[in-house]
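S.K.: Model the following, please.
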Amino acid sequence: MSAPVLTTLLVANRGEIACRVMRTAKALGLATVAVHSATDREARHSREADIRVDLGGSKAADSYLQIDKLIAAAKASGAQAIHPGYGFLSENAGFARAIEAAGLIFLGPPASAIDAMGSKSAAKALMETAGVPLVPGYHGEAQDLDTFRDACERIGYPVLLKATAGGGGKGMKVVEDVSQLAEALASAQREAQSSFGDSRMLVEKYLLKPRHVEIQVFADQHGNCLYLNERDCSIQRRHQKVVEEAPAPGLSTQLRRAMGEAAVRSAQAIGYVGAGTVEFLLDARGEFFFMEMNTRLQVEHPVTEAITGLDLVAWQIRVARGEALPITQEQVPLNGHAIEVRLYAEDPANDFLPATGRLALYRESAEGPGRRVDSGVEEGDEISPFYDPMLGKLIAWGEDREQARLRLLSMLDEFAIGGLKTNINFLRRIIAHPAFAAAELDTGFIPRYQEQLLPAPGTLSDAFWAAAAQAVAQSLPQLARQDDPASPWSVNSGLRAGLPPEITLHLSCEGQDRALTLNAADHARLSGEALIVEHEGVRRTLRAIRQGDALYLQWEGELRRIETYDPISAVEASHSHQGGLTAPMNGSIVRVLVEAGQSVEAGAQLVVLEAMKMEHSIRAPHAGVIKALYCQEGEMVGEGSALVELEEV
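M.R.: Got it, this is the predicted structure:
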């Protein structure tokens, strides 16, 4: 049988994974096709493709999840194959079958393998039959509250609710006791339905201090299957991975082999083809339990590529063409160590709520040996509320773990982002934390060190304000007035008749304000983006970036946004009126649980907002009476929009 013709590849996804797949496809000489929603018409993945096809709509359900539109786009563009990326339809057996029925190539496993592992419940039943150890839980067909209540009592709290068709932390809830079960189950089911079109859930025992270790497997169409070492993905928040590394620190050769061989047996049992990941929970005693198999390329695949020197997307393309795997298990490399962090548009100080808006400033760290950035955005792009808020990934490789860690810290320091909240400072605190440096890893890492990783805002120091004032003064336009350039008063020199030059600046940063006066005794020089300041004989170089009306100053490892303001006309901004509760982000109202005139207790759930495929509850900060409602179910609202007026009683 001759190899299938593959000259044009359509990527049925968006963001950084679409850009990453197209990069390899182009390197192999393939033409690339991007699909995009109406919102993503000018998104980076669309701009970088050779051909682009408009799917219409804004929400994923109206665009990236429309199988018929994707097949039609492939036909119209002349693509012979479709790469699903991850998320969206990547683990949808119906999509795989539709591609095959259309005479196209699916760069993923057979639909039968997706069926076998796509449902977490079915996968656990299959692994149980195969003798793979499982975490205690319930993964049956009955989905009513009473069934889950009985199962939770049998398993013992705390428990973890998980969407059977899920991934990426969507549709997952930790339940501490029975009083939380009904609300958590209903919310998880809605998230699962919204993200995957399937509301079915399973529940399992929530293990304390486990590690999340996964095995990368790869199989061809000739019966060959390899494991490409393992990754540790233990550092998570909301059950979504934040930091991943390969290999997993502290694993013995024997344990690596045992987990790898178990993963290969799992893949072979379902006739797997292509890239996949078998995920395990590893306890302190070295026992591992099967969690799930992801029948797709993983977000964290770059760390595996870094330690093996392999291109997994290239392997996907070659396997789809019918080629055999190019190496044997004994030839799989394991060189050095790699660490990856996921960069998100979100506000860690506000419960990691997704952030939307324009990337007013976006500078990536420099390329170089052991340094890689996979991203899907550029400066000026808009981050919408409709999709996952990941902007990209930073990957560092080193000859050992410490070299990789220090290299990643340097990359984080070089990154510059402005215009919306991100988790970049949070990531830096994780990688710099002594417990991370010591490889003390488990899924409770972030909650355990929350005070250090998410410190309360402190008062900015006098030294910071002095440097900020000098940076702002040096970056101001030279002419204060354009109408009379010859006038001495038109120059921002602080000229005063008969007095030494002096300039007063009113600055604002992170909710704090300061008035500062600079005179001739203050020495500073701005060269490009390097601010050189001298104080009491000590000279330092700081990074300062002027972008529009704001100046960004690198201070103590964090990039801080500084603005000037007029103290006479300045009015303290407020998104709320007295007694009002507002939307913390752009999103869609999925539930309104109260009505005008209703009395509520403190902490009561009032409104449920969905943004970036996650639900967020607006709760009563105190007991009171609902005076007015300003939203309704199905409505799109902007950040700061009034939702509920609550009158305290």
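
S.K.: pLDDT weak spots in the stretch 451-600 of the chain?
M.R.: Within the stretch 451-600 of the chain, the set of residues satisfying pLDDT under 70 comprises 477-501, 520-523, 535, 568-579.

S.K.: Same check on the chain?
M.R.: Ranges of the chain meeting pLDDT under 70: 1-2, 167-168, 477-501, 520-523, 535, 568-579, 612-613.

S.K.: Next, name the residue at the spatial heart of this protein.
M.R.: Geometric centre of the chain, nearest residue: Met390, 3.3 Å, by CA atoms, centre = their mean.

S.K.: and that residue, what does it touch?
M.R.: Contacts of Met390 were listed using CB atoms under 8 Å, 6 or more residues apart in numbering, and they are 15-16, 299, 342-345, 376. Every C-beta, even on glycine, is put in place using the N, C-alpha and C of the backbone.

S.K.: Recalculate using a threshold of 7 Å.
M.R.: Met390 sits next to 15-16, 342-344 when contact means CB atoms under 7 Å, 6 or more residues apart in numbering.

S.K.: Flag every buried residue along the helix or strand hosting Arg256.
M.R.: Element membership for Arg256, per DSSP states H and E: helix 253-269. For helix 253-269, burial by neighbour count (16 or more other CB atoms under 10 Å) applies to 255-256, 259-260, 262-267, 269.

S.K.: any idea which of those residues is the one closest to Arg448?
M.R.: Nearest to Arg448, judged by CB to CB, of these is Leu255 at 24.1 Å.

S.K.: Wait, the closest one touches Asp283, no?
M.R.: No: assessed by CB atoms under 7 Å, Leu255 is found out of contact with Asp283, at 11.8 Å.

S.K.: just to revisit the earlier point, and the buried residues of helix 253-269, which is closest to Gln474?
M.R.: Arg256 (54.2 Å).

S.K.: show me the contacts for the closest residue to the closest one other than its chain neighbours.
M.R.: Spatially, and ignoring its direct neighbours in sequence, Arg256 is nearest to Glu230 (6.1 Å; CB to CB, 6 or more residues apart in numbering). Neighbour list for Glu230: 213-215, 246-248, 251, 256, 259 [criterion: CB under 7 Å, 6+ apart].

S.K.: Quick check: can you name the pairing partners of the host helix or strand of Ile395 and their directions?
M.R.: According to DSSP H and E, Ile395 maps onto strand 390-398. Paired strands of strand 390-398, with direction, are strand 337-344 (antiparallel), strand 371-375 (antiparallel) (DSSP bridges).

S.K.: which of those is buried the deepest?
M.R.: Ranked by mean neighbour count, these are led by strand 337-344 with a mean of 25 (mean count of other CB atoms under 10 Å).

S.K.: now that strand: how far from the chain's centre is it?
M.R.: 11 Å (CA atoms, centre = their mean, to the nearest Å).

S.K.: Mind checking what helix or strand follows it in sequence?
M.R.: strand 346-347.

S.K.: now for that next one, which elements pack on it?
M.R.: strand 353-354 (3 or more CB pairs under 7 Å, 6 or more residues apart in numbering; DSSP states H and E).

S.K.: who's in contact with the strand it packs on?
M.R.: With contact meaning CB under 7 Å, 6+ apart, strand 353-354 is reached by 345-347, 385, 389, 584-585, 611-612, 616.

S.K.: how far away is Ser112 from Gln298?
M.R.: Per CB to CB, to the nearest Å, Ser112 is found 21 Å from Gln298.

S.K.: which one of those two has more residues nearby?
M.R.: Gln298 (22 against 14; other CB atoms under 10 Å).

S.K.: so who does that one touch?
M.R.: Contacts of Gln298 (CB under 7 Å, 6+ apart): 86, 277.

S.K.: Surely Arg238 touches Lys173?
M.R.: No: using CB under 7 Å, Arg238 is not in contact with Lys173; the gap is 9.4 Å.

S.K.: who has more neighbours, those two?
M.R.: Lys173 (24 against 15).

S.K.: okay, now the residue lying closest to the more buried one once chain neighbours are set aside: neighbour count?
M.R.: Excluding the flanking residues, the one nearest Lys173 by CB to CB, 6+ apart is Ala184, at 4.1 Å. Ala184 has 18 neighbours, counted by other CB under 10 Å.

S.K.: Which phi and psi values does Ala184 adopt?
M.R.: Ala184 adopts backbone torsions of phi -70, psi -40, taken as degrees, to the nearest 10.

S.K.: same deal with Ser234?
M.R.: Reported as degrees, to the nearest 10, the phi and psi values for Ser234 are phi -70, psi -30.

S.K.: ok, it to Ala473 distance?
M.R.: 46 Å.

S.K.: what ranges do the strands span in the stretch 401-550 of the chain?
M.R.: 416-418, 502-509, 512-519, 523-527, 530-535, 538-547, 550-555 (DSSP state E, counting those that start in this stretch).

S.K.: For these, give me TSV that also has distance to Tyr206 and mean neighbour count.
M.R.: Formatted as TSV, these follow (distance: least, CB to CB, whole Å; neighbours: other CB atoms under 10 Å):
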stretch	distance to Tyr206	mean neighbour count
strand 416-418	34	21
strand 502-509	40	17
strand 512-519	40	14
strand 523-527	52	14
strand 530-535	49	16
strand 538-547	43	16
strand 550-555	40	21
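
S.K.: Thanks a lot, catch you later.
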